[in-house]
Every structure is written in structure tokens, then in C-alpha cells.
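Everything below, folded, please.
(one chain, ligands or ions: 3)
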Amino acid sequence: MATLILKATEACNSSCAYCDVVHKPRQGPAQMSLPVLERVFHRIDEFLRESPDEELEVVWHGGEPLLPGPAFYARAVELQQQHCAETSARVSHSVQTNLSLFSREFARLFRQLGMDCIGTSYDPIAGVRGPGDRPDTAAYNAKFMRGLRIAEEEGFGWGVIYVVTKLALERPADVFYFMTNLKLDGGVNFHPVLVYGPEPRHLAITPGEFADFLGAIFPVWWRHQDRYPEVEPFRSFVRNAREGAISLGCGDSGRCSHSHWNVAPDGSVSHCGRSADWGLLPYGTVFDHSLAEMRRDPQRQALAHRNEVLPRGECQGCRLWAICHGGCPLDAWADQHSFDHRTPWCQAKKKFVEEYFEPITGLRCEFDAEGRTVQPA
Ligand SMILES: C[S@@+](CC[C@H](N)C(=O)[O-])C[C@H]1O[C@@H](n2cnc3c(N)ncnc32)[C@H](O)[C@@H]1O
Ligand code: SF4
Ligand code: SF4
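Ligands and ions are numbered 1, 2, ... in the order given. Below is the predicted model of the structure:
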């Protein structure tokens, strides 16, 4: 499915210790204007009319996407009805929010956009998430829990991203139990913290440390997985090892080259949030190019090219290739200023698979050229 990331705003009401959203220099407006929003829906309709077999997922992102307020989303509902009367059945919506501003009004509007699940982020460790230079975690937690309660009362499912920092390495089991106890059937996705500059160095972790963090909690999940069904990346590793390569996630799919657009508040389009932040892969604006034209942008070849270069080079002979594809191209660029490399997180995947996943599960993570699982004879 094609994915359109919509940065409703680049501003945020929080200042999480690892996030550069509030610190990075901004050139354009913080919030998406209504003319840009209208143009986006026009482009969505145009794209789906031209591509009758396509479906499109709109991901409302930020900054904090609830900051523009309910009126902004009420307008989005109207614009979709107005511009996408015949194509809206092929549009789905999701949101990635800190939930601190969530309300019943947002719930009603998100339902009108067809959402039944909300993506959020959280960390119970003091000083990581929240507003202010020294994040006020207690105040933030209260708002997050309030938002979560409303989401649950309004019948939404929810999934949460947990960003693993140096602070989490000291207490993997506490983090795991806290996150999974928030709601036992809610999905938790463990990501490593990404630190590109000198700050916040004190939170940075190595790929080996990330593998060890996963390894510390994996045995608990594996033993009680009926209780914790959607913990990532564990669920994906098991599914891939059992059913054949489906890949571990968007960044590892090797297929993002032609499926993503990221629309900034001023209507400029890049590949994803990080490429936009770093001035890479600019595809034009929603005012001067159609989505289809921007999908054909020759710059995308640089991403597809990795699939040719890496299996003959740095990833040659790797048994994880079919589920990893060298990792996220933007992580590679952050490390080497070139897409034609594997990412440093390579080491985390190999270590987790070899030292934890395979010995504990008895499953083998090995895939042939067609992505079929190769199990020991
Ligand atoms: C930039 S936020 C925007 C959406 C929303 N404000 C939220 O917090 O969910 C999107 C996701 O990126 C994660 N994130 C922010 N900075 C990060 C970093 N340095 N490394 C890894 N993930 C990060 C956040 O935890 C969140 O899950
Ligand atoms: S709430 Fe989201 S966008 Fe805001 S600072 Fe935290 S991680 Fe960044
Ligand atoms: S695990 Fe490492 S070598 Fe293997 S495909 Fe991924 S990045 Fe390449």
C-alpha cells in the first residue's frame, strides 16, 4: 500500500529528551495551512483515480499532530468528502500522537476518517518524555493516561512505540512489564533511540546494547506470548522465521523506494520525515506535482539501487537479507552519507538472532533468494 505521511504540524507541546522536533531549525510554517490541506486531498483523489488498483494510507504525523486542533481535522473530513467522493473507500487514515491533547471530539473526527486504532509513544522513565527542559514527567504521564482512557472508552485500539535509551538498559524487565501492562492486548514496538549529533549523547545506545535489551525481555515474551501477542520486533521475527520472509518493518522492507511521500506543513514533499529534515530527496510540492509524478521521481532510484549493490557487497551471503535489506536507507545515509551501505543496526539484528532468538525458540532465521524459510534438516 502507498503511504502518505502528512505533517499536520512540526510544532510540539512536548520536548522529549531524545527528540529533535522542537530543537531543529525550521524554515517554513509550523502548521499546515488549509489551502495545503485542500491541495493534498485533491492530489489523493487524482492519484487514486489514475491508479484504480492502488490503496493509500494517510499517516497524520508531526511534531504533535493534535496541536492544530479539532477544527483542522473537521476540515480534513469535509475535504475528503468533497474531493474524494468516489475514491475515499481506498483511503485509510492513521495517526501517531503523544495523546496529551486527545479528546472526545478528536475521537469523533478520527472515527469519521475511518480510524479504529491510534498510534502513540510513551516512556515511564522520569525525564525522558514531557514538556520543558527537564521534562515534567508526572504532568505528562497524567495527560497521556487521560488521553489513553478516552481512546479506550471511545473504543479505539492503540499501539505504542517505546524508544530504548541508555536509561532503559538498566531495567529492561521493568520497562517490558510496565509497557505490556498498560493494556495486555495493545501492541508495543521497541525502537532504538537514534542520536545523530552530539546531543543527547547520554541517551545513545549501541547496536549491541539494543540487541541485549531485546534479549533480556525476549524470553519472557516467548514463554507468555499468548499474554503479549503484539510485541515488536519479536512478533515479526517469529512470523518471518515460520512463514517466510515478509520483512521486519517499513525500513527493512527494501520496498519503500516507491511507496512513500512525506508532506511538510508548507506542502513540500520529500520521501519521509528524516529525508525532509536533512534536505534529501525533495520531490516537489503538492502545488506543482501530482503524487504519481513524484512517485516517478528519478531520485528514488538511489533507494532502489541499494537492493542491487548490497547483496553483491556488504550484505553478500547474509541469511537475513530477505527480511532486512540492509536496514533503513536513511539510517545508512545518517551513518555514511550514502544510501549504498548497510546500517549500523545490522549488528543488532545479527546479535539478537544468533544469541537470543534462535537458541531460545529453536527456530532458524534463514531465507533463500525467494524469501522462503530454510530450516535445519
Ligand atoms: C517524532 S514523534 C511524532 C509523533 C508524536 N508526537 C509522538 O510522539 O508519537 C514520532 C515517533 O518518533 C519517536 N522518536 C522521536 N525522536 C526519536 C529518536 N531520536 N530516536 C528514535 N525515535 C524517536 C517518538 O518517540 C515517536 O514514537
Ligand atoms: S511528543 Fe513526539 S514530536 Fe513531541 S517531542 Fe515528544 S517525540 Fe518529539
Ligand atoms: S543483517 Fe546486516 S548484512 Fe544482513 S542484510 Fe541486514 S544489514 Fe545486511
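
any idea how far G127 is from ligand 3?
Computed as Cβ to the nearest ligand atom, to the nearest Å, the G127 to ligand 3 distance reads 33 Å. Quick note: C-beta positions are derived from backbone N, CA and C, even for glycine.

let me redo that: S92
The value you get for S92 to ligand 3, if Cβ to the nearest ligand atom is used, is 30 Å.

For my notes, confirm that residue occurs in a strand.
Yes - using DSSP: H, G, I helix; E, B strand; the rest coil, the secondary structure at S92 is a strand.

what about it, neighbour count?
Per other Cβ atoms under 10 Å, the neighbour tally for S92 reads 16.

Helix, strand or coil: sort out V58 for me.
Using three-state DSSP as the criterion, the local structure at V58 reads strand.

For E154, which residues are in contact?
R104, A107, R111 (Cβ atoms under 8 Å, 6 or more residues apart in numbering).

Nearest to P35 among those?
R111 (25.9 Å; Cβ to Cβ).

which SSE is that closest one in?
Counting by DSSP states H and E, the element that carries R111 is helix 104-112.

which residue packs closest to the residue in the stretch 101-250 of the chain that ligand 3 sits nearest to, ignoring adjacent ones?
As assessed by Cβ to the nearest ligand atom, ligand 3 sits closest to L248 within the stretch 101-250 of the chain, at 9.5 Å. Among residues not flanking L248 along the chain, S236 sits closest, at 4.8 Å (Cβ to Cβ, 6 or more residues apart in numbering).

Same check on Y73?
L109 (4.2 Å).

Buried residues of stretch 17-29, list them for me.
Buried residues in stretch 17-29, defined by neighbour count with 16 or more other Cβ atoms under 10 Å: A17, Y18, C19, V21, V22.

What of stretch 312-322?
By neighbour count on 16+ other Cβ under 10 Å, the buried set for stretch 312-322 is E314, C315, C318, L320, W321, A322.

what residues does it touch?
For stretch 312-322, contacts defined as Cβ under 8 Å, 6+ apart pick out 245, 247, 310-311, 324-326, 340-342, 349-350, 353, 365-369, 371, 374.

make it 7 Å
Outside stretch 312-322, the residues that touch it by Cβ atoms under 7 Å, 6 or more residues apart in numbering are A245, P311, G326, H341, R342, K349, K350, V353, C365, E366, F367, G371.

number of nearby residues for the residue in the stretch 201-350 of the chain positioned nearest to ligand 2?
Minimum separation of the stretch 201-350 of the chain from ligand 2 (Cβ to the nearest ligand atom) falls at G273, amounting to 10.1 Å. Number of residues near G273 (other Cβ under 10 Å) recorded here: 20.

out of everything not next to it in sequence, what's closest to it?
Setting aside the residues directly before and after it, G273 is nearest to N262 in space (Cβ to Cβ, 6+ apart), at 5.5 Å.

hang on, isn't that neighbour packed against S268?
No - using Cβ atoms under 7 Å, N262 makes no contact with S268, being 9.1 Å away.

Of those two, which one has the most company?
Applying other Cβ under 10 Å to N262 and S268 shows that N262 carries more neighbours, namely 23 against 20.

contacting residues around the residue of the stretch 201-350 of the chain closest to ligand 2?
I5, H61, N262.

near ligand 1, which residues of this structure?
Contact residues, the chain versus ligand 1 (Cβ under 6 Å from any ligand atom): 12, 18-19, 21, 61-62, 64, 96-98, 120-121, 161, 163, 191, 193-194.

Keep only those of those that are in strands.
H61, Q96, T97, T120, S121, I161, V163, H191 (DSSP state E).

ok so, going back, within reach of ligand 3, which of the buried residues of stretch 312-322 are there?
Within these, those near ligand 3 by Cβ under 6 Å from any ligand atom are C315, C318, L320, W321.

Can you tell me which of these is nearest D116?
For those, the nearest to D116 is L320 (33.3 Å; Cβ to Cβ).

Now the phi/psi pair for that closest one, please.
L320 adopts backbone torsions of phi -100, psi 0, taken as degrees, to the nearest 10.

so what pLDDT did it get?
L320 is assigned 92 on the pLDDT scale.

rewinding a little: could you list which residues are in contact with the residue nearest to Y73?
Contacts of L109 (Cβ under 7 Å, 6+ apart): P70, Y73, A74, V77.

Look up the closest residue to the residue positioned nearest the centre of the chain, ignoring the ones flanking it.
For the chain, the residue nearest the mean C-alpha position is C250 (7.7 Å; Cα atoms, centre = their mean). Distances taken as Cβ to Cβ, 6+ apart put C256 closest to C250, at 5.8 Å, once the chain neighbours are dropped.

Tell me how many other residues crowd that neighbour.
Around C256 there are 20 residues (other Cβ under 10 Å).

what separates stretch 100-118 from the chain centre, distance-wise?
Centre-to-centre, stretch 100-118 and its host chain are 19 Å apart (Cα atoms, centre = their mean, to the nearest Å).

ok, that stretch near ligand 2 or not?
No - Stretch 100-118 lies out of reach of ligand 2 by Cβ under 6 Å from any ligand atom, never closer than 7.7 Å.

Neighbours of the closest residue to R39 other than its chain neighbours, how many?
With sequence-adjacent residues excluded and distances taken as Cβ to Cβ, 6+ apart, R39 is closest to V286, at 4.6 Å. Residues lying near V286 (other Cβ under 10 Å) number 26.

same check, this time on R134
For R134, using other Cβ under 10 Å, the count is 11.

what about it, helix or strand, and which?
Going by DSSP H and E, R134 is not in any helix or strand.

which parts of the stretch 201-350 of the chain sit against ligand 2?
So the stretch 201-350 of the chain never meets ligand 2 (Cβ under 6 Å from any ligand atom).

quick one, phi/psi of the closest residue to ligand 1 within the stretch 201-350 of the chain?
Nearest residue of the stretch 201-350 of the chain to ligand 1, counting by Cβ to the nearest ligand atom: G273, 7.2 Å away. When quoted as degrees, to the nearest 10, the phi and psi of G273 stand at phi -60, psi -40.
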